[in-house]
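[1] build me a model from this:
(chains A and B)
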Protein chains: 2
Amino acid sequence: MRVEVVAIGTELLLGQIHDTNSAWIGEQLALVGLDSFFQTKVGDNRARMVEVLSDALDRSDAVICCGGLGPTQDDLTRTAIAEVMGVPLRPDEEMEERIISMFSGRSRRMPANNLRQAELPEGARFIDEQPGTAPGLVCPLMWPRSGSGDGAATEKVIYAVPGVPWEMKEMMLGTVLPDLQARAGIDAVIRSRTLRTWGESESGLAELLAERIEELDRVGNPTIAFLASGMEGLKVRMTAKCPTAEEADSLLDEEEERLRARLGALVFGVDDDTMESVVLEMLRSRGLTLASAESLTGGMVGSRLCDVPGASDVYLGGVIGYAPEVKQRLLGVPEGPVVTEQAALAMAHGARVATGADVAVSTTGVAGPDSSEGRPPGTVCLAVALGDPERGGVSESVEVRLPGRRQQVREFSVITVLGLLRRNLLEWSG
Amino acid sequence: MRVEVVAIGTELLLGQIHDTNSAWIGEQLALVGLDSFFQTKVGDNRARMVEVLSDALDRSDAVICCGGLGPTQDDLTRTAIAEVMGVPLRPDEEMEERIISMFSGRSRRMPANNLRQAELPEGARFIDEQPGTAPGLVCPLMWPRSGSGDGAATEKVIYAVPGVPWEMKEMMLGTVLPDLQARAGIDAVIRSRTLRTWGESESGLAELLAERIEELDRVGNPTIAFLASGMEGLKVRMTAKCPTAEEADSLLDEEEERLRARLGALVFGVDDDTMESVVLEMLRSRGLTLASAESLTGGMVGSRLCDVPGASDVYLGGVIGYAPEVKQRLLGVPEGPVVTEQAALAMAHGARVATGADVAVSTTGVAGPDSSEGRPPGTVCLAVALGDPERGGVSESVEVRLPGRRQQVREFSVITVLGLLRRNLLEWSG
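    Numbering: from 1, shown residues only, chains lettered A, B, ... in the order given. Okay, here's the model as predicted:
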């Protein structure tokens, strides 16, 4: 079964907004084993939307429209779909009431044109999930339309979901993907799980798993794939296809066990885990607090940690010692060169003392574009300090040479130092 | 003249890579006044590439293919274009030598299949710019092809550029856009300039400029457009179309003067200026140093400042006071509630004293998802401290209610506090 994605919005064509929805939808379709060979972007123009939808229906069995479901005159997705179906748009009273109550619930005045969102092409139904005011649509139709005559008509379907990512995702996962699988007669359940790794290159992982990859190539189920994701680490995605969810999940359980046996501590998390969330959870479970001392990252370590809701019960804060004098004043770093492991260690210890945290991480180095202290861009010194040195505390520092430009060097520094902290937490009895 | 963009690569459909090229190309086309109504993504599949290219040629005059020009068997753009043109692919000796010398120049062994990149569809030419090993293509053709019969053939053109963004951009600006303008008979030069603003909503700006917008609607040249860009502020883009670059630039100069007269201090920069780069430059020119004290932003202010190369001669660093105790220990904030303007002021003063900087900014508030100190998510207190209070220094604090979720609240806090600093620097004699 072929599925196409059509992203709608003139601002997408003009490059004022980046279409990240199509990529996410494409990934989800691949995961459930549906082919998706084309993705199209078209502006807020009824005639061209009809043209694109018709072309898509000619070559595919299902079309997912993303965007153009808002209340304004520019939002033409409902109108275009009705035209392609050859049916009228009808206001749906139940939905009108639901939208009205949404606004009154938030005690906000409802602009009259919001009721346009309650219009439904004849023969279509609304998607149950409705996280925002915009309802999504499931629109079955016979294609080609009788009269247009080329070949026998078959039942196809157009889905319409909002362009707002979290609204789109809730509708995709709740209704669109299951409905597509049912239509495709996929009774097999496809489940996927991603192991998040850090510390080995893609080729390094491939070597470690070479034997198992060969076996899986023969067996064919589950499958595994690598995905390098910058400061998110290197992902190993396992996908299993089975008659039932239980069987798929247990197949993934077995495979995860096999891969973990080979990858060991390289695996820092699963699926939506991030190095930040994992490290924070390790510290939380050990009752430890964390501080940071940052030079070249300039606050990015702290900022990433604070992206995680609930970080405040572990992460106390820290010092951004961008200038050498600040490293000395607030972190007690001795005068002298600062792109050294000694300086990194002094920064970490200083952050512990200054904040009273149990554990601290530090970053210092050359982000570029220029060299510094005679060290080339990408030269980075990182350190962790766990506990009081006088009471069995330990510390470790490393010097690494990170690839890429200024921003990338800083990003890799963040996950590298948090990875260093993680490894020490695994080893440290504390 | 209609131009379409076709992004090529299975990894784009699978969502493993985000296609940012199409959006950039779409923006450039709009800037030079060329219509771009459709953008398509297709995988590394010859037949489907031919199908997409044919559809694009049916409805448009020019097609820009992005990607699929590499040396591997997956790179099928050259082959697909030759098939659409109905001509053979021929190796080009000159290009073969150039590619060979590129590798020897970098003293790298050249994989034999790199020579596939030297193949050229008969009747096509290479793009002069060649920043990487992959050459770009200009492929004029008559469409529809004789024999396919529907209607008289007209000359159309397919361009092929690499998927690597900086290679693509150099070829687009150097060859593709000028060639398109020539074909479109656009002898007019189109120039654009963006005023970066902060402090007014889109509707607020529209009110301030209402009179001028009406005039421009009548005159039609230059045109202006608004673009809300989150923590990048609100952009006002002016576009002028004139016989010569000089005339276009002077028209933009006049318009910028008019808009600035109405927008005043709301305009913080032009084109690639960011609030960070502007504030750093204002401080640099005044010989002042900067420090930060961050709570809910957790280091994002510092990190954004350090994104700017050369930040180190102005930004000294600061304190991330995420936990109340750290605010007290390192910033001298008195005990008590910390989501207050008083706490924000104390943090800013504390950062000045701790780092020895001339100027400091601070952020404290509730990022969410949960409330804190009985204040709802989005409640944010910000402050700036300029100079020593005892020597004519000044300080200012504000409490704002920022929209959105955790991440967005933190991002808006960053530009809001830097905007507050900018306004104070404009007024402060120092």
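[2] around chain B, which positions in the stretch 251-400 of chain A sit nearby?
    Counting by Cβ under 8 Å from any Cβ of the partner chain, the positions of the stretch 251-400 of chain A adjacent to chain B are A:289, A:291-292, A:294-303, A:305-307, A:309, A:311-312, A:315-323, A:325-326, A:329-330, A:354-356, A:367-369. Yep, even glycine has a C-beta here, placed from its N, CA and C like the rest.
[3] any low-confidence regions in the stretch 51-200 of chain A?
    A:106-108, A:147-150 (pLDDT under 70).
[4] number of residues surrounding the nearest residue to residue A:35 once chain neighbours are set aside?
    Closest residue in space to residue A:35, ignoring its immediate chain neighbours: residue A:2 at 5.1 Å, by Cβ to Cβ, 6 or more residues apart in numbering or on different chains. Look at residue A:2: counted by other Cβ atoms under 10 Å in any protein chain shown, it has 17 neighbours.
[5] circling back to that earlier point, of the residues of the stretch 251-400 of chain A next to chain B, select the buried ones using a ChimeraX command.
    Here is the ChimeraX command that selects only those of those that count as buried (16 or more other Cβ atoms under 10 Å in any protein chain shown):
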select /A:289,291,292,294,295,296,297,298,299,300,301,302,303,305,306,307,311,312,315,316,317,318,319,320,321,322,323,325,326,329,330,354,355,367,368
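[6] so of the residues of the stretch 251-400 of chain A next to chain B, which ones are in helices?
    A:300-303, A:305-306, A:325-326, A:329-330, A:354-355 (DSSP state H).
[7] that older thread, hmm, residue A:56 and the residue nearest to residue A:35 touching each other?
    No: using Cβ atoms under 8 Å, residue A:2 makes no contact with residue A:56, being 9.4 Å away.
[8] show me the strands in the stretch 251-400 of chain A, by range?
    For the stretch 251-400 of chain A, the strands defined by DSSP state E, counting those that start in this stretch occupy A:267-270, A:290-294, A:315-321, A:359-365, A:379-386, A:394-401.
[9] and the last one with strand A:379-386, angle?
    Okay, so that is strand A:394-401. Taking axes from the mean of the first three to the mean of the last three Cα atoms, to 10 degrees, strand A:394-401 and strand A:379-386 form an angle of 170 degrees between their directions.
[10] what is the neighbour count of residue A:252?
    Residue A:252 has 18 nearby residues by other Cβ under 10 Å.
[11] oh sorry, the question was meant for residue A:254
    Residues near residue A:254, counting by other Cβ under 10 Å: 13.
[12] how about the helices in chain A?
    A:10-13, A:21-31, A:46-59, A:77-85, A:93-105, A:165-171, A:177-183, A:202-219, A:245-263, A:275-285, A:300-306, A:324-331, A:341-355, A:406-427.
[13] so for residue B:379, which of the ones you listed sits nearest?
    Relative to residue B:379, the nearest member of these by Cβ to Cβ is helix A:300-306, separated by 16.4 Å.
[14] packing partners of that closest one?
    Counting contacts by 3 or more Cβ pairs under 8 Å, 6 or more residues apart in numbering or on different chains; DSSP states H and E, helix A:300-306 is packed against helix A:275-285, strand A:290-294, strand A:315-321, helix A:406-427, helix B:300-306.
[15] what's in contact with the last one?
    What it means is helix B:300-306. With Cβ atoms under 8 Å, 6 or more residues apart in numbering or on different chains as the test, helix B:300-306 has contacts from A:294, A:296-300, A:303, A:306, A:320, A:322, A:367, A:410, B:276, B:280, B:290, B:292, B:294, B:311-312, B:315, B:317-318, B:320, B:361, B:363, B:410-411, B:413-414, B:417-418.
[16] could you give the average pLDDT over it?
    The average pLDDT for helix B:300-306 rounds to 98.
[17] may I have the phi/psi pair for the residue nearest to the spatial centre of chain A?
    By Cα atoms, centre = their mean, chain A has its centre lying nearest to residue A:272, at 7.5 Å. Reported as degrees, to the nearest 10, the phi and psi values for residue A:272 are phi -90, psi 0.
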